[in-house]
Structures are given as C-alpha cells and as structure tokens.
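**Q** Just to be clear, the model below is a prediction. Sequence and coordinates:
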Amino acid sequence: MMAKGFSEQEKHVIRDKLYEEGKALFSQYGLKKTSISQITKAVGIAQGSFYLFFTSKEELYFDILEQEEAEMKAELLPLLSSGMTPDILKEILLIGLKQFEERPFFKNMLMGDDMEVLMRKLPADRLHAHITNDQDAFYPFIQKWKQEGILKEGKPDVIVGMIRAFFTIILHKKEIGEDIYPETAELLADCIANGIIVSKGE
C-alpha cells in the first residue's frame, strides 16, 4: 500500500504531531518498546506514511532529543553570559542537571539503554554533527572568559568535553548510589567550576 501524498501544509502539521506523539510514547515506553505503528496510530496516518518524514524511529527519537537539548540550551546558555565565578558556574551546572532529570523524555532515556541503541543505529556523521553543534554553542563563552582573564589554562575542546561529561553522571546514578548521588554531583560540579574559572584572589 503506497503512502498517501500530503500538501506542504499537511506535512508541516504531521511532522509536528510526529514529534509530539513520538516524544510522549518514547517518554513513557522508551525507544525499544515504542513501535512505528504506535506512533502513526497516535498521529492518525498510515504506517507507510511515516517514511515520508523519517527513515527510522531512531531518527525521529534523535530529532526529539536534539529539540529537547535545544530548549535546555535556550534556558541555560544566557546564564553563562553574566559575570562568571566558580560558584555561578557550579550553580548553572546543577540547574542543568536538574532540568535534565525533570524532563520525562530524558528521564526515560537515562533509565534504559536507548542511548546504546542510538549509537548503533544512527550514522556516525549524524552523531559527529551533534557533538560539533554542542561544541559550537559553548565556544563563544569560553572565548569570552579567556578574554576576561577568568578562564584557567586549557584547550577549549577539553573544557567542552568536561562540561558534556558532567551530565553523563546521570547515567551512573545507580552505580554511584542514589543516597550519595546529589552530594557526588555537587562535588563534581564544584571541581569542574573551580578547574575552569579563576577564583577571586587567585
């Protein structure tokens, strides 16, 4: 059965619905347990029509992941523009970590093995582009801190990598121990902030 053709306006509406319903289902069931038929049924289109928009459910999942991250960056990155101290950067890192955990989509992703599945299924160039975009978002702030003389010595790539690595602590919550996780995250944020930004009096 051939997929129905859609007008440009219909495609725009359907793509938005695929994001909306996909996010709801992925948030509830995860990537592996959510099927394309579940998504298309929720949207109200034929299963074959899905492939007019995405090559796989993994591609849709990753698009939603990037959309969620973009929303978080829009909230957090402006905070990096203000006067920066180790305490302020530490607080921003912990705010970001909390937002990460409070979003249902991310929470489900981190509880399962969705990321592992994505790493296997998505093209390497798509993953590389995602990492590059993250780096590009942070570089202006790193350059600004360097010009202001508040950035300690270090390669920009390494600094961005360290900030990215901080958020992966959520993946190891059980191994760390949920009772000591908050204190561990706070100490790690403190170490990173003080390792990047010059304290007053230094």
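**A** Cool, the structure landed.
**Q** For Asn133, see how far away the most centrally placed residue in the chain is.
**A** Among the residues of the chain, Glu69 comes closest to the average C-alpha position under Cα atoms, centre = their mean, at 3.8 Å. Per Cβ to Cβ, to the nearest Å, Glu69 is found 9 Å from Asn133. C-beta coordinates here come from the backbone N, C-alpha and C atoms, glycine included.
**Q** what do you get for Arg126?
**A** In terms of Cβ to Cβ, Arg126 sits 11 Å off from Asn133.
**Q** wait, what's in contact with the residue lying closest to Phe105 once chain neighbours are set aside?
**A** Computed as Cβ to Cβ, 6 or more residues apart in numbering, the closest residue to Phe105 that is not its neighbour in sequence is Ser27, at 4.6 Å. Contacts for Ser27 (Cβ atoms under 8 Å, 6 or more residues apart in numbering) come out as 104-105, 107-108.
**Q** one more time with 6 Å, if that's ok
**A** Ser27 makes contact with 104-105, 108 under the criterion Cβ atoms under 6 Å, 6 or more residues apart in numbering.
**Q** That one should be in a strand, yeah?
**A** No. Using DSSP: H, G, I helix; E, B strand; the rest coil, the secondary structure at Ser27 is helix, not a strand.
**Q** Let's see the pLDDT reported for it.
**A** pLDDT recorded at Ser27 is 92.
**Q** for Gly201, same thing?
**A** For Gly201, the model assigns a pLDDT of 58.
**Q** before we move on, what about His172?
**A** 86.
**Q** ok, of the contacts of Ser27, which come out buried?
**A** 105, 108 (16 or more other Cβ atoms under 10 Å).
**Q** coming back round to it: how close does the residue nearest to Phe105 sit to Glu186?
**A** 27 Å.
**Q** Could you do Gly22 as well?
**A** Distance of Gly22 to Glu186, given as Cβ to Cβ: 34 Å.
**Q** Then Ile39?
**A** Relative to Glu186, Ile39 is positioned 38 Å away (Cβ to Cβ).
**Q** who's more crowded, the two?
**A** More crowded of Ile39 and Glu186, by other Cβ atoms under 10 Å: Ile39, with 22 against 14.
**Q** Kindly export the helix or strand where the more buried one lies (C-alpha atoms) in CSV.
**A** Using DSSP states H and E, Ile39 falls within helix 36-43. This file holds the C-alpha atoms of helix 36-43, laid out as CSV (Å, rounded to 0.1, in the frame of the first residue of the first chain):
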residue,chain,number,x,y,z
ILE,A,36,6.4,3.0,14.4
SER,A,37,2.8,1.6,14.2
GLN,A,38,2.1,3.0,17.7
ILE,A,39,3.4,6.4,16.7
THR,A,40,1.5,6.6,13.4
LYS,A,41,-1.7,5.4,15.0
ALA,A,42,-1.5,8.2,17.6
VAL,A,43,-0.9,10.7,14.8
